[in-house]
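**Q** sequence and predicted structure below; questions after.
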Protein chains: 2
Amino acid sequence: MAVKPARKLPAGSSGETDSLDAEGIAMLAKALAHPARVKVVDTLLRRRSCIGCDIVEEIGLAASTTSEHLRILKEAGLIVGEIARPRVCYSLNPEAVAPLRAFLQLVEAAPAPAFSE
Amino acid sequence: MAVKPARKLPAGSSGETDSLDAEGIAMLAKALAHPARVKVVDTLLRRRSCIGCDIVEEIGLAASTTSEHLRILKEAGLIVGEIARPRVCYSLNPEAVAPLRAFLQLVEAAPAPAFSE
DNA sequence: CCTGCTATTCGTAATTCGACGAATAACGAA
DNA sequence: TTCGTTATTCGTCGAATTACGAATAGCAGG
């Protein structure tokens, strides 16, 4: 479809001073756009620890499905996985969330619409 | 596979720490999980105004596609549309974003993983 | 060596998403 | 009333997501 008229500026940290990184924001949001993945993040938030197969039990999906969700979260940089054979130890990467959080904070600080609903 | 029963406990109860609304968080994130929709929100953020077809021009997609994105944002409660025939005047609904923002803030405040990458 | 434990990858379905043009709706203006 | 402007809905298509079980990969230990 190639419906990308917008400039695909390579990851070279170009100076977008006034335009926000919609792609990056959307990518982060997408990583959290599923209840199972939100639960994973929440689990890692409460149990500071990380155990792999405990996550499977916590969210109640098949191991392979859970692994896929973990892959997506990893790809978005939201979590990191330390290999400790035969286990994998997952942890949050708190700073990865910053761009999305900053954007939401801007939105929340915006003036409410004049008309009430 | 024992499918875990998704329990729907009232959000108004006592502790908000153990009753995370994963569904709601994910729904909000999903609404922002596309660059075009992030751009719409950003446009409404910068131009406090609301004009409907200006949004179409701003994000560069077909009108029908844009309308669909607006519908999704509306459905998630992130924006509201005031009908001013033949136009529709869109505005942000800043408070709708609060649950997701609060969740992200918790994540960001979490201790970083012990091992560095 | 083989066995068990854990995590990931593979193959495959069903469903949802994202995009477009065409058709439709709804009102102000002529 | 008819026309013009704007927004939404409809129908459709390919692509992506989500889910599962089966198969695979690595290591610790008997």
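**A** Yep, that arrived.
**Q** show me where chain A has helices.
**A** Secondary structure of chain A, counting by DSSP state H: helices at A:22-31, A:35-46, A:52-59, A:63-75, A:98-108.
**Q** distance between the first one and the chain's centre?
**A** With CA atoms, centre = their mean, to the nearest Å as the basis, the distance from the averaged C-alpha position of helix A:22-31 to the chain average is 8 Å.
**Q** that one near DNA strand D at all?
**A** Yes - using CB under 7 Å from any atom of the strand, helix A:22-31 comes into contact with DNA strand D via A:K30. No exception for glycine: its C-beta is placed from N, CA and C like everyone else's.
**Q** for the helices of chain A, which has the smallest mean pLDDT value?
**A** Across these, helix A:52-59 has the smallest mean pLDDT, namely a mean of 87.
**Q** I'd say A:I79 and A:I72 touch.
**A** No - contact status for A:I79 versus A:I72: not in contact, 9.7 Å apart, counting by CB atoms under 8 Å.
**Q** thinking again about what came up before, turn the helices of chain A into a markdown table, columns for mean neighbour count.
**A** Converted to a markdown table, the helices of chain A look like this (neighbours: other CB atoms under 10 Å in any protein chain shown):
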| stretch | mean neighbour count |
| --- | --- |
| helix A:22-31 | 21 |
| helix A:35-46 | 21 |
| helix A:52-59 | 17 |
| helix A:63-75 | 16 |
| helix A:98-108 | 19 |
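**Q** could I get the ones you listed as a markdown table with distance to B:A98?
**A** Listed next are the helices of chain A as a markdown table, based on distance: least, CB to CB, whole Å:
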| stretch | distance to B:A98 |
| --- | --- |
| helix A:22-31 | 15 |
| helix A:35-46 | 15 |
| helix A:52-59 | 24 |
| helix A:63-75 | 23 |
| helix A:98-108 | 6 |
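**Q** who wins for proximity to A:A84 among those?
**A** Of all those, it is helix A:52-59 that lies closest to A:A84, at 9.1 Å by CB to CB.
**Q** so which elements touch the closest one?
**A** helix A:35-46, helix A:63-75, strand A:87-92 (3 or more CB pairs under 8 Å, 6 or more residues apart in numbering or on different chains; DSSP states H and E).
**Q** any part of that helix near DNA strand D?
**A** No - residues of helix A:52-59 contacting DNA strand D under CB under 7 Å from any atom of the strand: none, with a closest distance of 8.9 Å.
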